[in-house]
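In: predicted model follows, preceded by the sequence.
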Amino acid sequence: MSFERMPGPMAAEPAPPSIGDACDGGSPVALRLQVLATEHWGLLATRSLAWNESFTRAGMFLSTLSGAIVALALVAQATEFGGEFTLFALVILPVVLFIGVTTFIRMGTSNDYDALCVVGMNRIRRAYMQIAPEVEPFLVMGTYDDDQSVGLSMGTPPNTNFVVDVLVSTPFVLCTINSVLAGVIGALVAHQLGFGTFGSVALAVVAALALFGLQTLIATRGIAAAVARYRPKFPAPEAAGPAETSG
């Protein structure tokens, strides 16, 4: 039997890592992670509320539209598409259109707020990366806050077809339905004023295109204003400009 040599005095254990080692701060890593995780969950909850509101408003609008169509069908059967039907349609359809336009505007505001939440979550992932760089291979969402990284976290990666992405979006669907409603109201007004078929069709097309253009202008201006206000703090290296990369 042989005896191994007894080890010498044990060295002092290293102090627990602090956030000063990773992020130039003074708080312990556990405390900083707790704060980041709390903020992350708060952003997730806020984003979920924004999505729920958007879907609820869109569902309310579509339900109102469906109910209005059913009511118009019943009145049309009772009046045989007479003057009473036109008057009833001119009363109920503008109300439906008002709900549709306000839903479209509110959904744009919710989308802007949703994008802001995604920016915050990307920045929190960047903080996670600074504290524990070894977790980078396991993250599938953006870890920077430039346009492409935010788009990745919102489900629109750089290779996404922009036109298709816009056409299938909920705001564009609402915009189209609202424009059709405006065209129907325009045709009813023209018919009530005694216009012929050509005049009614022309006024319907003008009303639909006018509202479509107005909604598009509101959406594009809102997006342009949001983009102009935004300044990324942690852009990806390939997205940063020469001045940022050289520093």
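Out: Received, thanks. Numbers count the residues shown, from 1 in each chain.
In: pLDDT weak spots in this structure?
Out: Scanning the chain for pLDDT under 70 picks out the ranges 1-26, 239-247.
In: residues in contact with residue 97?
Out: 178, 181, 182, 185 (Cβ atoms under 8 Å, 6 or more residues apart in numbering). C-beta here means a position set from N, CA and C on the backbone, and glycine is covered the same way.
In: quick one: secondary structure of the first one?
Out: So that's residue 178. helix (DSSP: H, G, I helix; E, B strand; the rest coil).
In: ok, it - contacts?
Out: Contacts of residue 178 by Cβ under 8 Å, 6+ apart are 97, 100, 101, 104, 211, 212, 215.
In: now do the longest helix belonging to the chain: distance to the chain's middle.
Out: Secondary structure of the chain per DSSP state H: the longest helix is helix 29-79. With Cα atoms, centre = their mean, to the nearest Å as the basis, helix 29-79 stands 12 Å off its chain's centre.
In: and the helices in the chain?
Out: 19-23, 29-79, 83-131, 147-153, 162-167, 170-192, 197-229, 242-246.
In: can I get these in CSV including distance to residue 141?
Out: Shown next, in CSV, are the helices of the chain (distance: least, Cβ to Cβ, whole Å):
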stretch, distance to residue 141
helix 19-23, 20
helix 29-79, 11
helix 83-131, 7
helix 147-153, 4
helix 162-167, 18
helix 170-192, 22
helix 197-229, 20
helix 242-246, 22
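In: ok, which of those helices comes nearest residue 235?
Out: Nearest to residue 235, of all the helices of the chain, is helix 242-246, at 6.6 Å by Cβ to Cβ.
In: any idea how far residue 142 is from residue 114?
Out: From residue 142 across to residue 114, the span is 14 Å (Cβ to Cβ, to the nearest Å).
In: who has more neighbours out of those two?
Out: Neighbours were counted for residue 142 and for residue 114 using other Cβ atoms under 10 Å; residue 142 has more, 24 against 18.
In: for the more buried one, what are phi and psi?
Out: Main-chain torsions, residue 142, degrees, to the nearest 10: phi -70, psi 140.
In: next: residue 233.
Out: Torsion angles, degrees, to the nearest 10, at residue 233: phi -100, psi -30.
In: can you tell me the closest non-neighbouring residue to it?
Out: In this structure, residue 233 finds its nearest non-sequential neighbour in residue 145, 6.0 Å apart by Cβ to Cβ, 6 or more residues apart in numbering.
In: next up, the contacts around the one you found.
Out: By Cβ under 8 Å, 6+ apart, the contact set of residue 145 is 119, 122, 123, 126, 232, 233, 234, 235.
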